[in-house]
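In: Give me a model of this one.
(one chain, ligands or ions: 2)
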Amino acid sequence: MFEQDKFDQVDVKGEPPLQEPERQYYFMKKCKELAEKEAARLGRPLCMSIQTLGCQMNAKDSEKMSAVLSYIGYEPTEEPVADLVLFNTCTVRENANLKIYGRLGYLKNHKKKNPHMKVVLCGCMMQEKDEVERVKKSYRFVDIVFGTHNIYKLAELLYRQLTEGGQVVDVWREAKEIVEDLPGDRKYPFKTGVNIMFGCNNFCSYCIVPYVRGRERSRKPEDIIKEIEGLVADGVIEIMLLGQNVNSYGKGLEEEITFADLLRRVNDIPGLERIRFMTSHPKDLSDDLILAMSQCHKVCSHLHLPLQAGSTKTLRRMNRSYTREDYMTLVKKIREKMPNISLTTDIIVGFPGETEEDFLETMEVVDQVGYDSAYTFIYSKRTGTPAASMPDQVPEDVVKDRFQRLLKLVQRRSAERTDRLLGQVELAMIEEVNSQDDSLVTGRLSNNAVVHLPGGRSLIGRILPVRLVESKGFYYMGELL
Ligand code: 5AD
Ligand code: SF4
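Out: Numbers count the residues shown, from 1 in each chain. Ligands and ions are numbered 1, 2, ... in the order given. You can find the predicted model right below:
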């Protein structure tokens, strides 16, 4: 947790401290002095726009950076243009990269008119050499570039840019230390993500994540527990434990501990009400974890279990380390212990070499499992991954046709699953006022399904019983009991 005392003690008159997090506290204070001058010159507070693409890990990183910038004096705005615009990028599929270049193009003219504006690019896409070269060459107006391993250095890099000018680029090939105790910020006061590990060692053959997020590193359990206790004291009642592959949590730590053990410890934290986690790899999901999930009453009734493909042949070429049968056996074991659990998944269509028969196997698994929802992706070729150089890339029209067929099946099965709770009363965490209709609020059930119900702002942040009166395919309309 961020410690105010330590922060207050940092003296900005001398040289910057060498150790972290004190070094960043020093630069936060230094930046704050400069930001105050800038705000006085402009005659208004400075504003920031943080634009995040990608997964929950990125969302969490953005929360951390937002906290640092808030301290410095930037106020958040929903506008796409601000005194400081930060893009936290994703590179898992090519689309995400294209989106960023589109947004940069849009900003270029604004920056010409407002040279004081700062543009910051960070995250997964910046871990790719070619992308950084492109930014250095063709996007000179970008002020600061860094990757995924040193986001904690934001204040230091900003200070350097503010005092020295020019384009500051600091991308690390590998992670060094896990820096604890930086300030945190939250989109919602009552729920947040907590990193339990960083990186991934699996090298699925289509995936760029292990190259941009580095090797697996677990945080110490006591640091995780301390952070969650601090969050609970600050009003958080739901947390999501975050990692690319949470099931292999604990490897490499001095203390012998598994993810199941961690879950049990987190479940014991008084005041915490809901626990979620992302993402599970089927190959590492142990019987003990299934047991722990079924025993820990705070763990939500939802498991995201990426399938990726239903054909063993494709799974082998994806380097997923399980067969179709292994996956089905796992689902059976999970449902035996937790009959009401919601299962969700990720599926890739059009992986190189995928035949019609392979695809039909994916369709069969989707039909048999009956997912509550599924994220379906068209395979995207990522330079540097083994799949990029595999023969038999599937033609675009074939992939699009398969994608549509899969989507239809996913939607039909998902609607059937949603219907099963109709008329029942479930506990929902009320999260926000409905964005389309402000006479409604939006809540989330333990199984992660969304429910909209009549109600006002005062309900936000509470877990309340809701009757599910209508099913809309993948969400519900409800009413407060
Ligand atoms: N193409 C398409 N989808 C991908 N994913 C990861 N890499 C790729 C890729 N190259 C999907 C996987 C993963 C999810 C986060 O993104 O399904 O589970
Ligand atoms: Fe990518 Fe596979 Fe690691 Fe998930 S488990 S981040 S899909 S390499």
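In: Tell me the confidence at the residue nearest the centre of the chain?
Out: The centre of the chain sits closest to residue 56, judged by Cα atoms, centre = their mean, with a distance of 0.9 Å. With respect to pLDDT, residue 56 has a value of 89.
In: for it, phi and psi?
Out: The phi/psi pair for residue 56 (degrees, to the nearest 10) reads phi -60, psi -30.
In: for it, what are its contacts?
Out: For residue 56, the contact set (Cβ atoms under 8 Å, 6 or more residues apart in numbering) comprises 193, 240, 242, 278. Every residue, glycine included, has its C-beta placed from N, CA and C.
In: Distance-wise, check it relative to ligand 2.
Out: To ligand 2, residue 56 is 12 Å away according to Cβ to the nearest ligand atom, to the nearest Å.
In: What of residue 249?
Out: 13 Å.
In: Looks like that residue contacts residue 198 (just checking).
Out: No. The pair residue 249 / residue 198 is not scored as a contact, 11.1 Å apart, by Cβ atoms under 8 Å.
In: between these two, who's got more neighbours?
Out: residue 249 (26 against 20; other Cβ atoms under 10 Å).
In: Provide a list of residues in contact with the more buried one.
Out: Shown in contact with residue 249 (Cβ under 8 Å, 6+ apart): 196-197, 218, 243, 257-259, 262.
In: Return the closest of the residues you listed with respect to ligand 2.
Out: Proximity of the contacts of residue 249 to ligand 2, judged by Cβ to the nearest ligand atom, is greatest for residue 243, which lies at 9.6 Å.
In: That closest one - nearest residue in space that isn't next to it in sequence?
Out: Of all residues not flanking residue 243 in the chain, residue 197 sits nearest, at 3.9 Å (Cβ to Cβ, 6 or more residues apart in numbering).
In: And residue 293, what's its pLDDT?
Out: At residue 293, the pLDDT value in this model is 98.
In: Next one: it from residue 337, what distance?
Out: Going from residue 293 to residue 337 by Cβ to Cβ, to the nearest Å gives 8 Å.
In: Neighbour count for those two, which is higher?
Out: residue 293 (23 against 13).
In: Please identify the helix or strand for the more buried one.
Out: helix 287-295 (DSSP states H and E).
In: Over to residue 211?
Out: Here residue 211 is assigned to helix 209-213, by DSSP H and E.
In: Could you see whether ligand 2 lies near that helix?
Out: Yes. Remark: helix 209-213 sits within contact range of ligand 2 at 209-210, by Cβ under 6 Å from any ligand atom.
In: and for whatever helix or strand residue 343 lives in, what are the contacting residues?
Out: Per DSSP H and E: residue 343 is located in strand 342-349. The contact list for strand 342-349, computed with Cβ under 8 Å, 6+ apart, reads 206, 301-309, 318, 331, 334, 359, 362, 366, 369-379, 399, 402-403, 406, 410, 417, 447-449.
In: Buried by neighbour count, from the residues you listed: which ones?
Out: 206, 302-309, 318, 331, 334, 359, 362, 366, 369, 371-374, 376-379, 399, 402-403, 406, 410, 417, 447-449 (16 or more other Cβ atoms under 10 Å).
In: Narrow those residues to those in helices?
Out: Using DSSP state H, 331, 334, 359, 362, 366, 369, 399, 402-403, 406, 410, 417 are the members of the buried ones among the contacts of strand 342-349 that sit in helices.
In: okay, the residues you listed in CSV with pLDDT next?
Out: As requested, these are arranged in CSV below (pLDDT from 0 to 100):
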residue, pLDDT
331, 98
334, 98
359, 98
362, 98
366, 98
369, 98
399, 98
402, 98
403, 98
406, 98
410, 97
417, 95
